[in-house]
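K.L.:
missing the sequence, but the structure's below:
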């Protein structure tokens, strides 16, 4: 064979290889899925090198990541899995990054009939292995076939990398879409929760909150039927929707439902504001043909329970989302309940405030009254002090009263008493002659007169004139009878004894005159007396 | 000591003593005014026209004054009156003693009981007692039973 002929054959062969590569590239162009790439590449390779049979295998890092295409077609998954396991054992030890060839494995059952393996390492533990059976021409695969296979392997490696990347990207897109959908749904439900919160105002009352809550939940969850109620020891608030029968839920029925729901809970102790899901709804029994799909029980406060029962939802909603609805609803109910309690307390507080204001007003009035009474008391005390001081003081009225009373009693008693005496000595009509001491002395000497001392005995005994006889007035009658009865009435009788307080002489002289004595005189001058009884 | 000497209880005792003396002394004089008039005249201190009025009035003043002291009515005025009477009696006895007038006291009975300086001392003692009554007596006053005391008001 001439050199030109050889060059011609070589050129033709190269042209052939080029066309195969171009065809393969054209066929692989636009193919995104790895198994399509494998299939296209396997056919191009088998045709290009003239192999009788072959397989293309895409092997991933996990057992599940295995894709095998055989030509002619052999549908034997077990054999494919064994093929994958054997290849994984072979390729684990290698760290090559470019395509390489491996001879067939005559000892391997699964590789029986395959002479050449073309291995294309990919990223992330992926490998692509092309197995070729015996060629159509004898002699096996020569160098030219290896060159062609090398070119095809490079092309395959590039395409598979691209396909795997596209697949991965597609998977990421799919995951992103799925997550976006979930996120949208969550945003939707969060909006629903927000709407629920905006629609429910705690000051509307428990019943309104209960109705609004149930209707919102049913609307957003696409539930045609639902029941919610709150019950305490004495009252029941019910909200029902979607029931054919309009018969209201009775108090005893509500209480029985709560008891049944509690009995179905593993932990019977409910915490306030912590709703619990009722797992076994059959325990609640039948309620007006209500087909329950979900049920929740909660405790608002002590002895105040609530149930939320929902029918089947027409859309798929996650349990935790519904639970968020329920939790939100319980929060609103608790707010409404607290608001009602606060409103009641406010009413009581207002009443107490009014009472307090009244009390303060009364206290103010009382304080004013007390101030007035204190002022009055001080005034009274002042008057009492004044009166007490006046009482302590001695007044002329007291003297006048005592003296006047004494005088009055004395005068009256003296007037009525047989021992009474006259206030003043009565004037006597018996005249008595008064003479001087000289004349009296002459009468005594010349006419042998009788000298009488009229003073009381004590005075007489102390001192008296010489020759005088004592004749006190109060003893006159007895003494006169004893001593002077026989006396001559013509004999002069001279009488003395006068003091500032008593006219003893005059009293005795009148008694002598009364006894018919003719010459009775009293001495008007003071007579000096001595103990010797002599006249001066 | 001063505290006990000025105690109102002592004044009450003095008041009772003086009241008893005066009431007792007045009874005989009231019943026998003539004798009392002679006693007054014996002192030779008052003019003759005043002897009988005094003999009528003085025993009753003694009785009313003594009763007022005993009952606790207008005690200070009564004690002044009784004190004045005691002062007059003392002065009368002293002058009689100085003038050496031989008379009886005439304080209770008209017979006996001649005056002496002991009589003066006795009268001075009574005078001090009635002065104590005037100064410190605050207990058992009949005219204050219905009188509100300032301390009872609590103001």
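P.N.:
Thanks, I have the structure now. Since we're looking at a predicted model, the values are computed, not measured.

K.L.:
which other helices and strands contact the host helix or strand of residue A:300?
P.N.:
Taking DSSP states H and E as the criterion, residue A:300 maps to strand A:294-301. On a contact count with 3 or more C-beta pairs under 8 Å, 6 or more residues apart in numbering or on different chains; DSSP states H and E, strand A:294-301 meets helix A:251-263, strand A:276-277, strand A:304-310, helix A:319-392. Any C-beta I mention is one placed from the backbone N, CA and C, and that applies to glycine too.

K.L.:
what's the model's confidence in the shortest one, averaged?
P.N.:
Confidence for strand A:276-277, expressed as mean pLDDT, is 92.

K.L.:
Tell me the strands beside that strand, with direction?
P.N.:
strand A:294-301 (antiparallel) (DSSP bridges).

K.L.:
Report the inter-axis angle for the partner strand versus helix A:319-392.
P.N.:
Interaxial angle, strand A:294-301 versus helix A:319-392 (axes from the mean of the first three to the mean of the last three C-alpha atoms, to 10 degrees): 10 degrees.

K.L.:
Next up, the contacts around the residue in chain B positioned nearest to chain A.
P.N.:
Distances between chain B and chain A by C-beta to the nearest C-beta are smallest at residue B:77, namely 3.2 Å. Contacts for residue B:77 (C-beta atoms under 8 Å, 6 or more residues apart in numbering or on different chains) come out as A:394-395, A:398-399, A:401-402, B:68.

K.L.:
And for residue A:426?
P.N.:
Contacts of residue A:426 by C-beta under 8 Å, 6+ apart: none found.

K.L.:
Please determine how far residue A:336 is located from residue A:73.
P.N.:
The gap separating residue A:336 from residue A:73 is 71 Å, by C-beta to C-beta, to the nearest Å.

K.L.:
just to revisit the earlier point, closest one of the contacts of residue B:77 to residue A:507?
P.N.:
Nearest to residue A:507 out of the contacts of residue B:77 is residue A:402 (C-beta to C-beta; 33.9 Å).

K.L.:
which non-adjacent residue is nearest the residue of chain B closest to chain A?
P.N.:
residue A:398 (3.2 Å; C-beta to C-beta, 6 or more residues apart in numbering or on different chains).

K.L.:
list the buried ones in the one helix or strand the one you found maps to?
P.N.:
Assigned by DSSP H and E, residue A:398 belongs to helix A:396-416. By neighbour count on 16 or more other C-beta atoms under 10 Å in any protein chain shown, the buried set for helix A:396-416 is A:398-399, A:401-403, A:405-407, A:409-411, A:413-414.

K.L.:
Which other helices and strands does that helix contact?
P.N.:
Looks like helix A:396-416 contacts helix B:48-71, helix B:75-99 (3+ C-beta pairs under 8 Å, 6+ apart).

K.L.:
right, so these: which one is the most enclosed?
P.N.:
Greatest average neighbour count among the helices and strands packed on helix A:396-416 goes to helix B:48-71 (a mean of 22), per mean count of other C-beta atoms under 10 Å in any protein chain shown.

K.L.:
how would you label residue A:78: helix, strand or coil?
P.N.:
helix (DSSP: H, G, I helix; E, B strand; the rest coil).

K.L.:
Could you tell me how many residues sit around it?
P.N.:
8 (other C-beta atoms under 10 Å in any protein chain shown).

K.L.:
Residue A:323 now?
P.N.:
Neighbours of residue A:323 (other C-beta under 10 Å): 15.

K.L.:
again with residue A:437
P.N.:
18.

K.L.:
What of residue A:298?
P.N.:
Counted with other C-beta under 10 Å, residue A:298 comes out at 23.

K.L.:
Leaving out sequence neighbours, find the closest residue to it.
P.N.:
residue A:275 is the one closest to residue A:298 (C-beta to C-beta, 6+ apart), at 3.9 Å.

K.L.:
Would you mind measuring from that neighbour to chain B?
P.N.:
69 Å (C-beta to the nearest C-beta, to the nearest Å).

K.L.:
I'd say residue A:272 and residue A:299 touch.
P.N.:
Yes - counting by C-beta atoms under 8 Å, residue A:272 touches residue A:299, with 5.1 Å between them.

K.L.:
ok, the two, which is more surrounded?
P.N.:
Neighbour tally, residue A:272 and residue A:299, criterion other C-beta under 10 Å: the higher count belongs to residue A:299, 21 against 12.

K.L.:
So residue A:257 is in contact with residue A:307, correct?
P.N.:
Yes - using C-beta under 8 Å, residue A:257 makes contact with residue A:307 at a distance of 5.8 Å.

K.L.:
Show me the common contact partners of those two, please.
P.N.:
By C-beta under 8 Å, 6+ apart, the residues touching both residue A:257 and residue A:307 are residue A:229.

K.L.:
what's around the nearest residue to residue A:232 once chain neighbours are set aside, how many residues?
P.N.:
Distances taken as C-beta to C-beta, 6+ apart put residue A:304 closest to residue A:232, at 4.0 Å, once the chain neighbours are dropped. Residue A:304 has 17 neighbours, counted by other C-beta under 10 Å.

K.L.:
what about residue A:232, how many residues close to it?
P.N.:
Counted with other C-beta under 10 Å, residue A:232 comes out at 16.

K.L.:
Tell me who's in contact with it.
P.N.:
Here residue A:232 is in contact with A:303-305 (criterion: C-beta under 8 Å, 6+ apart).

K.L.:
CSV please, covering these and showing pLDDT.
P.N.:
Formatted as CSV, these follow (pLDDT from 0 to 100):
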residue, pLDDT
A:303, 88
A:304, 91
A:305, 93
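
K.L.:
For those, give me a markdown table that also has distance to residue A:150.
P.N.:
What follows is these, written out as a markdown table (distance: C-beta to C-beta, whole Å):
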| residue | distance to residue A:150 |
| --- | --- |
| A:303 | 85 |
| A:304 | 82 |
| A:305 | 78 |
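
K.L.:
who touches stretch B:3-12?
P.N.:
B:132-133, B:135-140.

K.L.:
Go again with 7 Å.
P.N.:
Here stretch B:3-12 makes contact (C-beta atoms under 7 Å, 6 or more residues apart in numbering or on different chains) with B:132-133, B:136-140.

K.L.:
now that we have those, which one has the most neighbours?
P.N.:
Neighbour max across the contacts of stretch B:3-12 (other C-beta under 10 Å) = residue B:133, 27 neighbours.

K.L.:
re the thing from before, between residue A:336 and residue A:73, which has more neighbouring residues?
P.N.:
For residue A:336 versus residue A:73, neighbours defined as other C-beta under 10 Å are more numerous around residue A:336 (26 against 6).

K.L.:
How far does stretch A:31-50 sit from its chain's centre?
P.N.:
Mean C-alpha position of stretch A:31-50 versus that of the full chain (C-alpha atoms, centre = their mean, to the nearest Å) differs by 80 Å.

K.L.:
Ok, stretch A:503-515 next?
P.N.:
118 Å.

K.L.:
Could you pull up the mean pLDDT of it?
P.N.:
90.

K.L.:
Which positions in that stretch come out as buried?
P.N.:
Neighbour-count burial for stretch A:503-515 [16+ other C-beta under 10 Å]: A:503-513, A:515.

K.L.:
Tell me the one among those nearest to chain B.
P.N.:
residue A:503 (6.1 Å).

K.L.:
List the residues that contact that closest one.
P.N.:
Contacts of residue A:503 by C-beta under 7 Å, 6+ apart are residue B:48.

K.L.:
Phi first, then psi, for the closest residue to residue B:90 other than its chain neighbours.
P.N.:
Once flanking residues are discounted, residue B:90 sits nearest to residue B:123: 4.2 Å by C-beta to C-beta, 6+ apart. Main-chain torsions, residue B:123, degrees, to the nearest 10: phi -60, psi -40.

K.L.:
now swap in residue A:239 and tell me
P.N.:
phi -130, psi 130.

K.L.:
Could I get the contacting residues of the nearest residue to residue A:261 once chain neighbours are set aside?
P.N.:
Closest residue to residue A:261 apart from its sequence neighbours, by C-beta to C-beta, 6+ apart: residue A:297 at 4.5 Å. Contacts for residue A:297 (C-beta under 7 Å, 6+ apart) come out as A:261-262, A:275-276, A:278, A:305, A:307.
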